[in-house]
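Asks: Sequence unavailable; structure follows:
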C-alpha cells in the first residue's frame, strides 16, 4: 500500500472528554490509571425485569456550567461541554464565526434519541392525538444548527453516522477538511448517549454482558453500553506552531473500510479491520513496526474479539505480543458512535503521559488471544505512534494513528 | 497545507424515482412528459405509490428483509456501477467505497422498532428491526452486496445531505486518493415523518391537493453517482460524464440564513475550490422555484446577480431531501455532458453547472460540475 505522509502533519491542540468515569480529561485519566469502572445500575430509564441493568451514565454537568447550554438537548449539552474543554485547551475561548472553522460529529444514534418523547405521547394518545412536535428533534439538521449556532461556527458542519465506527470516521472527515485546505481548524467530535433504543437493541442481539465485560476473555459474553462524548481540536501543525499553541499530539493517519460481509457480524478473518489499519498506516506513512500502542475496539462479544485478534495478527504479525494493548470498554462501556473519538482521546492521553493504564478483567484470556499484552497492571511506556480502532454495524471500520509531536514538529507535546 | 488536487470524475449515474428507474424516466419526469408525473401520484410521490419493485433489478433474496431505503439504494447503486462500466474486479472493488447521504435513514423500521419497544417493553426489541434501522444500514448493505471494501460512510443531514455526500466524496478522493466512491443520497417515505414535516410546513400534508398546493410534495427514492479519481478512471478506460470541479459548505445563524448567507457561502466556497469565476457558471440546479426565497438571494450574492439557466427541482420533483439533492448533481452532470433530455430552456452543454441546496435551519452545500476537458 502506498505510503502518503503529508508534509504538514495535523496537530491536535486540544481535546475534551466526558464518560461515566467523569467530566474532563483529567478526571478520566486519573480513573483510567486507577483501574476504575464507571459502570453501574442504570437510572435513566426503566430496566426493571430486564436481564441486564448496568451501563455507564455520565455524571451531571455541574449546575454552575449548565447555564452555558440553554437551548441544547441533554446529549448536545454534554458534547458541547467536551468541545468547550478542547477549545479552552487550544486557547480558543471566544467566537468561531468564520468560514474556515469546521465541525464534524460522529454519532450512531444521530438525533433519534428524541423519538422516545414522541412515542410516549403516541402510545398514550394514539396516532390522531399524538404530539408530533418532538419528532422535529429527529432531524439531525436541527441539531447541527443548534450546535453550530451555539459555537458560532460558519464553516462546514456535517454528521457522520457510521454506527460504532462513527467517531473514527469523524476524525477522518475532519482530517480531510484540513488536508484539502478547506478549513484552518476543525472540531472532530463523537457522541452517543446511553438510551433504551440501543440498550434493548444490543440486548436483542445477545451482545450485552450479564456479568463483567471481559475483553478477549474465555467465555466472554459481551459489553455494557455507556455515555461517551469527546472532541479533538485539530489544525495544520505549521499553523499551530506559528500561533505558539501547545501541540498535544498528531493525527498522523486514518483508514476506513467495509467488511462487505454481514450487517452485524464481523468478517471472521477480520479482513475489513485489517484493511482499515493498513490504510491508516499508509496515510501516516508508517509501517506496522512503528506502532508502540494499540487501543482496541474489543467489545467482548465472542465473534467481534475473535475477528479483531485475527486482524491484529494479520497486520502486526509476531510483533503483536510486544505491543501494549488497552481495551477501554470495561472502564466506561461501549460508547457506540462516540467510541472512536472517546478512545482516541484515551489513546492521546497515553501518548501525552507516556503511561498505559490497566485493562480491566483480563485474568483469563481466550486461547485465541494468547500472548496479547493487555497490560493488566498499568505501567510507564515509551510510545511514539499509537493506533485506535473502531468497528461497527454495517461492517464499517475506522482506524486512526496518533503520534507524539516530536521536537522538530513544534513547541512541545504537552507532556504533563 | 493544500496538496495537489486529484480530479474527481463522474463516470456513472443511477437513479430510482417514483417516475421510474433509470435516467430516461427521470429526465422525462423533469420535462413533465412522464405518464407518472406527480399529479397522478398524489401529494406524496412515492416509490410505493408508483409500484417500484427492487426484485426486478436485484436478487430477491438480497432485498427480502431490508428497508425501503436499502432497496432503492441497492438498485440505484447497481445502475451507477453498470452505467460506469465498473468491473467486477476484486482488486478495484476492494478499494472502492460508498458515501450515502440521508436525512432520515430507514425511518419506517426505526419507528416500528421504537413502537414495539414502548408498547411491549425492552424485552420485545426486535434484533432485525434494530440492526436494519441504524442510520448506516443502507450503506452497509450496498458495500456488502457489491463487495466494496473501501470506506462505507453515511452522512446524515438536512435537505442538502445528498449533495453533502458527493462533496465529501470529492474530499475523500482528494485527501486520500481513494480510487472510486459511490456517492449520493436516498430517502424512504414514512407516514409519521410525513405528518410531522407537514405540520412543520416543510411538505404538503397527506390530505393536500394532488399538486401539493403551496408546499412541495414529498418524494422518495435513491440516486448515486460513481465518482472516480481521474487517474484510476483512466487506467481502467472509463469514459467520464463530467468532472466534479469543486464543492463548498455554508452555515449561517438563523438571522443570516434568512438572507441566504449560507447559500452564498456554500457557492463562494465551491467557486474558490473549483478555481473558476462566477461568470463561468452557465447553469444552476437549485432546489426551489426561481422566484423569491433565500436560495435566490444567496445565489445572487455569490454569482453577482446572474441567475440565468436556473432549474428548481422542488417544484418539478417535490421534496426528497437527500434523494432530490443527490438528483440535482445528476441533473447538473447530464447537462454538462449533453446527456439526456432536460427541460426546455435549461442550458445545453454548459461549461460548468452548480448544484446547490439550502437547509431550512441555516446550512447549505454546493458542488460544481464541469465539462470533461478535451484531450489535448
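Replies: Right, received. Where do you want to start? Small disclaimer: the values here were computed from a predicted structure and weren't measured.
Asks: got the buried residues for stretch A:121-139?
Replies: A:121-122, A:130, A:132, A:134-139 (16 or more other CB atoms under 10 Å in any protein chain shown). Glycine gets a C-beta too; all of them are placed from N, C-alpha and C.
Asks: between those, which is nearest residue A:59?
Replies: residue A:137 (23.8 Å; CB to CB).
Asks: So which of the buried residues of stretch A:121-139 belong to helices?
Replies: A:121-122 (DSSP state H).
Asks: and chain B, which of the buried residues of stretch A:121-139 reach it?
Replies: Subset of the buried residues of stretch A:121-139 in contact with chain B: A:122, A:132, A:135-136, A:138-139, counting by CB under 8 Å from any CB of the partner chain.
Asks: Kindly present those residues as a markdown table, with separate columns for pLDDT.
Replies: Output for those, formatted as a markdown table (pLDDT from 0 to 100):
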| residue | pLDDT |
| --- | --- |
| A:122 | 75 |
| A:132 | 73 |
| A:135 | 70 |
| A:136 | 66 |
| A:138 | 71 |
| A:139 | 76 |
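Asks: Among the residues you listed, which lie within strands?
Replies: Among those, DSSP state E puts none in strands.
Asks: Remind me which helix or strand the spatially closest residue to residue B:178 that is not a sequence neighbour belongs to.
Replies: The shortest distance from residue B:178 to any non-neighbouring residue, by CB to CB, 6 or more residues apart in numbering or on different chains, is to residue B:172 (5.3 Å). For residue B:172, the host element (DSSP states H and E) is helix B:161-176.
Asks: And the pLDDT at residue B:150?
Replies: With respect to pLDDT, residue B:150 scores 97.
Asks: what about the nearest residue in space to it that is not next to it in sequence, neighbour count?
Replies: Spatially, and ignoring its direct neighbours in sequence, residue B:150 is nearest to residue B:97 (2.9 Å; CB to CB, 6+ apart). Neighbours of residue B:97 under the rule other CB atoms under 10 Å in any protein chain shown: 27.
Asks: Might you report the residue contacts of residue B:97?
Replies: Residues in contact with residue B:97 (CB atoms under 8 Å, 6 or more residues apart in numbering or on different chains) are A:256, A:258, B:143, B:148-153, B:172, B:178, B:180-182.
Asks: just checking, which of those belong to helices?
Replies: Per DSSP H, these map to helices at B:143, B:172.
Asks: Pull out the buried members of the contacts of residue B:97.
Replies: Applying 16+ other CB under 10 Å to those flags A:256, A:258, B:143, B:148-153, B:172, B:178, B:180-182 as buried.
Asks: okay, those residues in a markdown table with distance to residue B:14 next?
Replies: Conversion of the buried ones among the contacts of residue B:97 to a markdown table gives the following (distance: CB to CB, whole Å):
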| residue | distance to residue B:14 |
| --- | --- |
| A:256 | 23 |
| A:258 | 19 |
| B:143 | 16 |
| B:148 | 14 |
| B:149 | 20 |
| B:150 | 18 |
| B:151 | 19 |
| B:152 | 17 |
| B:153 | 18 |
| B:172 | 19 |
| B:178 | 19 |
| B:180 | 14 |
| B:181 | 14 |
| B:182 | 9 |
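Asks: Let me know the closest of the residues you listed to residue A:385.
Replies: Distance to residue A:385, by CB to CB, is smallest for residue A:256 among the buried ones among the contacts of residue B:97, at 18.7 Å.
Asks: For the closest one, list the residues it contacts.
Replies: Residue A:256 makes contact with A:165, A:168-169, A:172, A:276, A:279, A:396-399, B:97, B:150-153 under the criterion CB under 8 Å, 6+ apart.
Asks: Residue B:229 and residue B:7 touch, don't they?
Replies: Yes - contact criterion CB atoms under 8 Å: residue B:229 and residue B:7 qualify, at 7.4 Å.
Asks: now the strands for the stretch 51-200 of chain B?
Replies: B:97-102, B:152-156, B:180-187 (DSSP state E, counting those that start in this stretch).
Asks: would you list those strands in JSON lines and tack on distance to residue A:77?
Replies: Output for these, formatted as JSON lines (distance: least, CB to CB, whole Å):
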{"stretch": "strand B:97-102", "distance to residue A:77": "26"}
{"stretch": "strand B:152-156", "distance to residue A:77": "20"}
{"stretch": "strand B:180-187", "distance to residue A:77": "29"}
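Asks: pLDDT score assigned to residue B:36?
Replies: 58.
Asks: same check, this time on the one 10 residues further on
Replies: Looking at residue B:46, its pLDDT is 89.
Asks: what does the stretch 301-416 of chain A put close to chain B?
Replies: Counting by CB under 8 Å from any CB, the residues of the stretch 301-416 of chain A near chain B are A:392-396.
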